[in-house]
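Trainee: Curious how this folds, go ahead:
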Amino acid sequence: MVVEFLMWLTLFASLTIAFCTFLLEAILHDSTAYDMEFLWKGQYTLEELHLDR
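Mentor: Now for the predicted structure:
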């Protein structure tokens, strides 16, 4: 019973860590340059849209 609980806990923790890792990668490697071309067709600069860092 205890071993089964620990296995389920390990599985849940692994899935949670995998999801958080994916989310962090998506946030850190955001595609502003792609968005500028796709959404705005390059007609605005980052400064004009107040996206400069």
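Trainee: count of residues packed around residue 49?
Mentor: 13 (other C-beta atoms under 10 Å). Where you see a C-beta, it was placed from the backbone N, CA and C, and this is true even at glycine.
Trainee: What are the phi and psi values at it?
Mentor: Phi and psi for residue 49, reported as degrees, to the nearest 10, are phi -90, psi 0.
Trainee: Low-confidence regions, this protein specifically.
Mentor: 31-38, 40, 42, 51-53 (pLDDT under 70).
Trainee: in what helix or strand does the most centrally placed residue in it lie?
Mentor: Centroid-nearest residue in the chain: residue 26, 2.2 Å away (criterion: C-alpha atoms, centre = their mean). Using DSSP states H and E, residue 26 sits within helix 2-28.
Trainee: Quick one: distance of that helix to the chain centre.
Mentor: Computed by C-alpha atoms, centre = their mean, to the nearest Å, the chain-centroid distance of helix 2-28 equals 15 Å.
Trainee: repeat for stretch 18-34
Mentor: Taking the mean of its C-alpha atoms, stretch 18-34 sits 3 Å from the chain's own mean (C-alpha atoms, centre = their mean).
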